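*Asks:* below are the sequence and a predicted model; questions follow.
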Amino acid sequence: MIVKLSEFRLKGLVFLAIVVFALPLFISNPFHYSLATQIALIAGAVVGLNLLVGFAGQISLGHAGFFGLGAYFSAIMTSHYGWSAIPALIVGAFGVGIIAWVVGRPILRLKGHYLSMATLAVGFIIAIILNNEREMTGGPDGMPVPAFDVFGWELSPFGQYSLFGMDISGDLAWYLFAGVVLLVAVWLAQNLIDSPIGRALRSVHGSEVAASVVGVNTTKYKSLVFVISAVYASVMGALYAHFQGFITPAVAGFEFSILLITMVVLGGMGSTIGVIIGAVVLELLPQVLADFQEFEMVLFGLILMLTMIFMPKGLLPTVANFLAKRRSKSAGGDA
Amino acid sequence: MNGTLARYTKKFLAITAAGLLAMSAQAADPIRIGSFLSVTGPASFLGDPELKTLEMYVEKINEEGGVLGRQLELIHYDDAGNASKARNFASRLIRSDRVDIIVGGSTTGATMAAVPLIEQAQIPFISLAGATVITTPVKKWVFKTPQSDRMAAERILTDMESRGLTKIGLISGTGGFGSSGREQTLAVAKEMGNIEVVADETYGGSDTDMTAQLTNIRGADGVQTILNFGFGQGPAIVTRNYAQLSIDLPFYQSHGVASDGFLELAGDSAEGLRLPASPLLVPASLPDSDPQKPIVEAYKSEYEARWNAKVSTFGAYAYDGLMLAVEAIEKAGTTDKAAVRDALENIQGHVGVTGTYNMSADDHNGLTADSFRILEVQNGSWKLVN
């Protein structure tokens, strides 16, 4: 049974599901739920970004821009125009997809540093717009966001709900919801990776020239994955805004873009579960280090540096490699 | 060293086993004052003096025997000016550290991000940020110590009116402070009726020359005075450009630049300009009859002696916040959250560094526009006019 499971294509997803649903057995503090919810939503965006960075080998230093656009679209539509959260989320994701497609076509022709610069600029432009459109976005001071509602039923971190006859707090409800969203995000990403599109993307990563020689329409696939990752960011951004209840343009800012890409690199490019671990580590570290306030930044930098020097492939792939090596060694010893 | 390590270990254990904390709330325990401030990052000029002030006065109060016979314990986190971090730390203060009251929130964004949580958790919160939205409309558990930008606008326009200046050329920064100030100025001018804004120009945060905007204002029909609402280096550049163009109109700045640093940046060109400011800039020239005088002087000398740095008006917001919290806890005679909140709301005639606070059910700031003093730059230093 265990052997079978370890060969199962979606074993990572099963593992993740166990972790997500077992976590409430170990934590009960609402603050911890609220952290876990945020991590799950940001991890969802990182899984999308990983499709672009880890599989197609393209970089985006402006991904927070799409996250912020999704967040603000939903915030503005639900608070100023009385939309319900779900249609706002879907229309927002659709709009962000179109924007990503329009800007992606020309800039994905660029390579290396030039592509980084172009995506960086896209992120900056979005952040500047959010900062300046005070009437709509509240400017640099931010704006409040109504609770997430589904057909008139509200999901608020402050509510009380009953699920299968059990009373659960709003924090726990949000956590479970975010956990399920993350699982769906991973499931979709995993299926995409294992499809012909996924193979085409990996060939682009390996060698774009070789890929186009064997007949892969590289431009098309690159734009496609750029759009998909932007939609991921937009959806997660919208949910994040409703969960937080208040957003500022920092959600679309440069620092957040860098944080997202660092999560991908730290966790392990191209490993869906790895990048989630990256998100968990980078979101939890500031909380753990907050007690060493004077040294917080130094320790944070040190941990990142050491990881990159000794684990250049990222946390999960390095550990997995190490375990695999040990296993083959001990297997060799037995024979 | 061992002590620090032990403290860290203790704190670490406290996070992982937060449940234990719930049981440890006994009478002899310290009163826990929580704070989240922007100590690093772009708003560190606010958070840094605020944290220093809280630290030194918590120490001082403890040396003098604490509050209600209990020591104070300050638990503070750095939100780096990031609103979602602020929300997380507020959540941690309330649910994990289980503090009795929160004094913090350096920026409007950080404050507003934490407000829904605080209202829900029902814990008294004294914000140190300026914008009007924080206490208007009144939120049951939220108070604040700085005057709002609306009061600054009122104070400036009233002073203009008293000098017979009714046609204003407005120039403002596009940052949070400048654009909010611009809105409030336009609103106040409309309400006062006899004041007219004849020019309305803006500049970006990183602009290095505002002569174009000032030339437009000078050319505006019937303009009698210029008002700049802005923050950072922009207002200093506006002041220099104003002098270079030798514009011969009375010039006003906002409380955003009321610091000695601004005088150094603007140099001679600041001569004659007026602005609303905290009495902290001119403690010596306050009349002896002013009840704020001893408090302002004491805060200034104690802060400067302890930190060997210039006192700032932002630190004074934290001083007032802490002292209001202490007075409320003493009046309530308990740290029961609802009782402390009620006591806060009933504080009358509390003399602070920023002004005299008179709280009420529909005013959770408690200051009036009069708490701003109008200062004029004369011979390179601040002079109290009014």
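*Replies:* Structure's in. What do you need?
*Asks:* mind listing the strands for the stretch 51-200 of chain B?
*Replies:* Here the stretch 51-200 of chain B has its strands, by DSSP state E, counting those that start in this stretch, at B:72-78, B:101-104, B:125-127, B:142-144, B:167-173, B:196-203.
*Asks:* for these, which one sits closest to A:Gly95?
*Replies:* strand B:196-203 (28.7 Å; C-beta to C-beta). No exception for glycine: its C-beta is placed from N, CA and C like everyone else's.
*Asks:* and that closest one, what other elements does it pack with?
*Replies:* Contacts defined by 3 or more C-beta pairs under 8 Å, 6 or more residues apart in numbering or on different chains; DSSP states H and E place strand B:196-203 against strand B:167-173, helix B:176-192, helix B:211-219.
*Asks:* buried residues in the longest helix along chain A, which are they?
*Replies:* The longest helix of chain A (DSSP state H) is helix A:218-244. By neighbour count on 16 or more other C-beta atoms under 10 Å in any protein chain shown, the buried set for helix A:218-244 is A:218, A:221-244.
*Asks:* please apply the same query to stretch B:263-276.
*Replies:* B:Leu263, B:Leu265, B:Ala266, B:Ser269, B:Ala270, B:Leu273, B:Arg274, B:Leu275, B:Pro276.
*Asks:* and the furthest pair within those residues?
*Replies:* Longest span within these, C-beta to C-beta: B:Ser269 and B:Pro276, 19.7 Å.
*Asks:* mind listing the helices for chain B?
*Replies:* Under DSSP H, chain B gives helices at B:2-16, B:18-23, B:44-63, B:83-95, B:108-121, B:149-162, B:176-192, B:211-219, B:234-244, B:260-266, B:293-307, B:313-332, B:337-345.
*Asks:* ok, back up a step: show me which of the buried residues of stretch B:263-276 is closest to A:Leu120.
*Replies:* Taking these together and measuring to A:Leu120 by C-beta to C-beta, the closest member is B:Leu265, at 31.2 Å.
*Asks:* which residue comes closest to that closest one once chain neighbours are left out?
*Replies:* Sequence neighbours aside, B:Ala236 is the residue nearest to B:Leu265 in space, at 3.8 Å (criterion: C-beta to C-beta, 6 or more residues apart in numbering or on different chains).
*Asks:* tell me who's in contact with that neighbour.
*Replies:* B:Val257, B:Phe262, B:Leu265, B:Ala266 (C-beta atoms under 8 Å, 6 or more residues apart in numbering or on different chains).
*Asks:* do you know the pLDDT at it?
*Replies:* pLDDT, B:Ala236: 89.
*Asks:* what is the neighbour count of B:Asn163?
*Replies:* One thing to correct before we go on: residue B:163 is Arg, not Asn. By other C-beta atoms under 10 Å in any protein chain shown, the residues close to B:Arg163 number 11.
*Asks:* how about low-confidence regions in the chain?
*Replies:* No chain in the question, so chain A it is. Residues of chain A that meet the criterion pLDDT under 70 lie in A:1-8, A:152, A:163, A:165, A:293-294, A:331-335.
*Asks:* please refer instead to chain B.
*Replies:* Using pLDDT under 70, the flagged stretches of chain B are B:1-28.
*Asks:* what parts of it come near chain A?
*Replies:* Residues of chain B lying close to chain A (C-beta under 8 Å from any C-beta of the partner chain) are B:8, B:11-12, B:15, B:18-19, B:40, B:76-78, B:82-85, B:87-89, B:91-92, B:94-96, B:107-109, B:112-113, B:115-117, B:120, B:131, B:133, B:174-176, B:179-180.
*Asks:* mind redoing it with 7 Å?
*Replies:* B:8, B:11-12, B:18, B:77-78, B:82-84, B:87-88, B:91-92, B:95-96, B:108-109, B:112-113, B:116, B:120, B:131, B:174-176, B:179 (C-beta under 7 Å from any C-beta of the partner chain).
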